[in-house]
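In: give me a model of this one.
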Amino acid sequence: ANSRTSWGAESLDLCLTTERHSPYTLGQYLWSGADYIGEPTPYHTRSSYFGMIDTAGFPKDAYYVCQAAWLDPDTQPMVHLFPYWDWNPGQTIDLCACTNAHSVELFVDGQSLGRQTPDPDKGRTAAWQAAYRPGVVRAVAYNADGRPVAETEIRSFGDAAALQIQADRTRLSGSGAELAFLTVRALDAEGVPVANANDRVTLRVQGAGVLVALDNGDSTDPDEYQTSSRRLFSGQLLAVVAGDGREGEMTVEATAPGLRPATITLHTDPYQGPARRRLPPLPAAADPVKVPLRKLELHADRTRLTPFHRKAVVTARRYPAGATAGEAIQWKITDDRGDTATNAKITVQGDTATVEALGDGPLRVRAMACNGRRVPQLISQLDLKVHGLGQLHMNPYQFVAAGRYEASYGDIGNGNERGISTSRTGRSWVLYNDIDFGPDGSDEVELPIFSLDGEPTPIRFWDGEPYVMGSEMIGERIYHKPKMWNVYQPETFRLSKRLTGIGSFAVELNTKVHIKGFQFYPHSRAWDTLAAGACDAINGDSFTRAGAQVLGIGNNVSLVFRRMDFGEEGCRGVRLRGRSPLPANTVHLLFEGEGAALPTERRVVEFGPQPEWGEQSFTFAPVTGRRQVTFLFLPGTQFDFDSFTFF
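Out: Model (predicted):
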């Protein structure tokens with residue numbers, strides 16, 4: 001319904017169209033019809049939420065999609081419109097209408113956005129895009145003759161002003177065995193349901209009845225079911241009441257801070273025998289927030305960032321005003337997939353955030369509120385676009401979520417924490433393009449993996465797209481760790497080739513695992529044997545570059561090597577390969593700090609005599625950190641330089 005597991009169906013539409021293509025059917029069974037307590041997947045909540053209806057019995061949008069597939073359009077034409085209509089001004093919203101009729105037309109404030117005819121072989125839902133503005137959205141369904149047969153509408157709304165109670169029955173047995181189900185809703189000042197209201201509502205029953213339980217359908221809500229107070233979820237709450245053994249009336253009252261209360265009266269019929277409901281008054285749940293936020297409305301001074309306007313100031317407006325005044329808003333910038341954006345940075349000051357663009361691409365600014373809970377309960381999002389700054393490459397030396405793949409093969413599914421799952425049967429792979437491995441590159445990568453069976457699992461790594469001409473498999477390695485359910489366990493793999501420059505990287509499997517992502521470890525060339533001719537710069541009065549060698553080094557020649565990271569342990573010596581007819585050549589090694597505030601250090605060695613090519617080793621006091629190394633040759637030198645190795 002509102003969550004796809006890695007082992008579930010690709011989509012609800014696929015389930016319905018598969019059934020449609022069957023030559024015969026006795027009906028359809030979908031797991032699950034309703035949400036149920038326990039077994040949440042993948043997130044750690046109190047209930048599983050695959051259902052067409054939630055634990056409170058409130059239908060989800062998927063419920064109506066199923067209706068559109070199964071109801072007879074001639075006798076029971078229907079149309080359902082979603083989502084609700086209350087967003088950020090100008091935000092592009094996907095408006096969807098599911099219907100069993102031949103076609104459906106969408107109107108925003110009376111203006112048609114077009115009529116669509118859903119293909120039953122692909123699904124019964126039509127979709128449009130519209131920029132949000134307060135108003136009315138209406139969907140009209142038509143039969144094959146073009147005659148309207150069903151319609152529905154949604155309206156924008158303001159803050160909650162009053163509560164409303166509706167009951168599924170007004171009379172019930174006094175035995176306590178029969179239950180009445182009451183729906184509590186929040187309405188704005190115009191009487192429009194507030195679809196995102198989350199006010200805390202308290203229920204009180206007086207007279208010949210008792211309150212049995214409350215539920216709002218929110219799988220993340222930690223409040224008990226047997227309580228007299230819970231927050232609304234999606235603007236509504238279910239209250240369950242029963243008779244207490246007496247004949248008469250019970251009055252149910254719903255109250256919430258700042259809202260007009262609502263009451264309803266139910267009648268209990270006479271009952272002879274012991275009452276089944278003798279419950280004490282239910283306790284009220286504690287809540288640190290008196291009035292929770294229902295909406296964060298985002299406003300930006302600009303939504304298009306360029307080299308001339310690199311910054312946008314985004315302000316969050318709280319609704320209702322003053323709600324959760326003491327709680328800070330959390331801010332984040334993401335890409336279209338929901339991963340942390342790398343082409344911008346954000347600076348936060350209270351309810352305002354400044355976004356500075358670093359590279360081209362889409363951005364989504366998120367403002368989040370916890371509403372007194374441990375994790376965000378409310379997310380508001382605004383789209384920004386960056387153009388003209390140039391494309392940033394993916395940094396493999398920071399963790400890359402597996403969900404950021406650009407191409408795939410096989411049944412790739414969702415995984416926990418922005419990860420992916422590979423195919424259960426057959427070959428599958430994911431490909432990541434435009435990765436900047438840098439000039440020194442890397443041949444060591446770490447992958448956090450969740451294996452379902454704990455068996456040895458072969459993994460193939462590719463430089464480029466698998467099985468495409470020019471691509472190369474750079475290792476088949478085995479992942480083998482004891483199974484820990486729903487836990488990623490990292491493993492580091494050494495590849496058979498060092499990846500450098502701008503390139504691609506792919507991971508291929510023949511079995512199912514979950515992969516959280518990957519991170520490469522940068523190779524430090526400081527420990528490689530480097531050719532003298534591979535220097536980043538060379539200056540001086542007398543020298544000749546001969547391929548990988550530098551010959552005839554004379555007066556005041558310097559060879560510069562950048563990006564020499566000696567780490568915390570540092571280097572303690574150098575091995576030089578060269579030749580010289582002189583008994584001694586003085587070589588000064590200058591170690592200048594790169595980036596960090598490291599002082600320049602000098603080490604001096606004497607090379608010679610060495611008339612033929614040969615190696616000589618020298619030790620010195622350790623040098624640590626990231627450095628630029630310069631080999632400086634003073635006047636009087638006669639030296640042919642082949643290579644060197646630090647140790």
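
In: tell me the centre residue of the chain?
Out: residue 338 (3.8 Å; CA atoms, centre = their mean).

In: tell me if I'm right that that residue and residue 417 touch.
Out: No: counting by CB atoms under 8 Å, residue 417 is not a contact partner of residue 338; they are 11.0 Å apart. Quick note: C-beta positions are derived from backbone N, CA and C, even for glycine.

In: OK, contacts around the residue nearest to the centre of the chain?
Out: By CB atoms under 8 Å, 6 or more residues apart in numbering, the contact set of residue 338 is 364, 403, 418.

In: what do you get for residue 567?
Out: 524, 624-625.

In: of these, buried ones?
Out: residue 625 (16 or more other CB atoms under 10 Å).

In: mind listing the residues bridging to the closest residue to residue 524 other than its chain neighbours?
Out: Once flanking residues are discounted, residue 524 sits nearest to residue 565: 4.4 Å by CB to CB, 6 or more residues apart in numbering. Assessed by DSSP bridges, residue 565 has beta-bridge partners residue 626.

In: residue 59 now?
Out: Beta-bridge partners of residue 59, counted by DSSP bridges, are residue 53.

In: that one: neighbouring residues, count only.
Out: 14 (other CB atoms under 10 Å).

In: distance of it from residue 138?
Out: 20 Å (CB to CB, to the nearest Å).

In: in the strand with the most length in the chain, which residues are buried?
Out: The longest strand of the chain (DSSP state E) is strand 610-623. Across strand 610-623, burial judged by 16+ other CB under 10 Å covers 610, 618, 623.

In: who touches it?
Out: 566, 569-581, 591, 601, 603, 605, 607, 640, 642, 647.

In: cool, stretch 456-471 as well?
Out: 407, 409, 429, 431, 445, 447, 449, 451, 472-480, 493, 495, 497, 499, 503-511, 513.

In: for that stretch, buried residues please.
Out: So stretch 456-471, judged by 16+ other CB under 10 Å, has buried residues 457, 459-466.

In: stretch 360-378 too?
Out: 360-361, 363-373, 377-378.

In: by contact count, what packs against the helix or strand where residue 242 lies?
Out: Using DSSP states H and E, residue 242 sits in strand 236-243. In terms of contacts (3 or more CB pairs under 8 Å, 6 or more residues apart in numbering; DSSP states H and E), strand 236-243 is packed against strand 171-173, strand 179-187, strand 200-207, strand 209-215, strand 248-255, strand 262-269.

In: angle of it against strand 248-255?
Out: Relative orientation of strand 236-243 versus strand 248-255 (axes from the mean of the first three to the mean of the last three CA atoms, to 10 degrees): 160 degrees.

In: next, residue 80: secondary structure please.
Out: strand (DSSP: H, G, I helix; E, B strand; the rest coil).

In: any weak-confidence spans in the stretch 1-150 of the chain?
Out: The stretch 1-150 of the chain contains residues with pLDDT under 70 at 1-6, 42-43.

In: the stretch 251-400 of the chain too?
Out: Checking the stretch 251-400 of the chain against pLDDT under 70 turns up 274-279, 325.

In: please enumerate the strands of it.
Out: 262-269, 295-300, 304-305, 311-319, 330-334, 344-349, 352-357, 361-369, 378-386, 400-401 (DSSP state E, counting those that start in this stretch).

In: so how far is residue 454 from the closest residue to residue 453 other than its chain neighbours?
Out: Excluding the flanking residues, the one nearest residue 453 by CB to CB, 6+ apart is residue 483, at 6.3 Å. Residue 483 sits 3 Å away from residue 454, taking CB to CB as the criterion.

In: and the helix or strand encompassing residue 68, what does it pack onto?
Out: If you go by DSSP H and E, residue 68 is part of helix 61-70. Under the contact criterion of 3+ CB pairs under 8 Å, 6+ apart, helix 61-70 touches helix 12-20, strand 79-82, strand 92-99.

In: kindly recompute the last result at 7 Å.
Out: Where contact means 3 or more CB pairs under 7 Å, 6 or more residues apart in numbering; DSSP states H and E, helix 61-70 is packed against helix 12-20, strand 92-99.

In: buried stuff in the last one?
Out: Yep, that's strand 92-99 we're talking about. Buried positions in strand 92-99, judged by neighbour count with 16+ other CB under 10 Å: 93, 95-99.

In: what pairs with whatever helix or strand comes next after that strand, parallel or antiparallel?
Out: Going down the chain from strand 92-99, the next helix or strand is strand 103-108, by DSSP H and E. Its sheet considered, strand 103-108 pairs with strand 111-116 (antiparallel), strand 136-142 (antiparallel) by DSSP bridges.

In: quick one: closest of those strands to residue 244.
Out: strand 136-142 (44.5 Å; CB to CB).

In: so which residues make contact with the closest one?
Out: For strand 136-142, the surrounding residues in contact (CB atoms under 7 Å, 6 or more residues apart in numbering) are 77, 79, 81, 85, 95, 97, 99, 101-109, 148-155.

In: also stretch 541-556?
Out: Residues contacting stretch 541-556 (CB under 7 Å, 6+ apart): 531-534, 538, 540, 557, 559, 633-635, 637-642.

In: now find how far off-centre the strand holding residue 242 is within its chain.
Out: 36 Å (CA atoms, centre = their mean, to the nearest Å).

In: next one: stretch 525-543
Out: 45 Å.

In: equivalent analysis for stretch 301-312, please.
Out: 25 Å.

In: and which of the contacts of residue 338 is nearest to residue 28?
Out: The closest of these, once distances to residue 28 are taken by CB to CB, is residue 403, at 30.7 Å.

In: my read is the closest one is in a helix, agree?
Out: Yes: the assignment for residue 403 by three-state DSSP puts it in a helix.

In: and the closest residue to it other than its chain neighbours, what does it touch?
Out: Leaving aside its sequence neighbours, residue 403 sits nearest to residue 418 (CB to CB, 6+ apart; 4.5 Å). Contacts for residue 418 (CB under 7 Å, 6+ apart) come out as 338-339, 401-403.

In: apply 10 Å and report the result again.
Out: 337-340, 399-404, 516-517 (CB atoms under 10 Å, 6 or more residues apart in numbering).

In: tell me the pLDDT of it.
Out: Per-residue pLDDT puts residue 418 at 89.

In: quick check: phi and psi on it?
Out: Dihedral pair for residue 418: phi 70, psi 20, per degrees, to the nearest 10.
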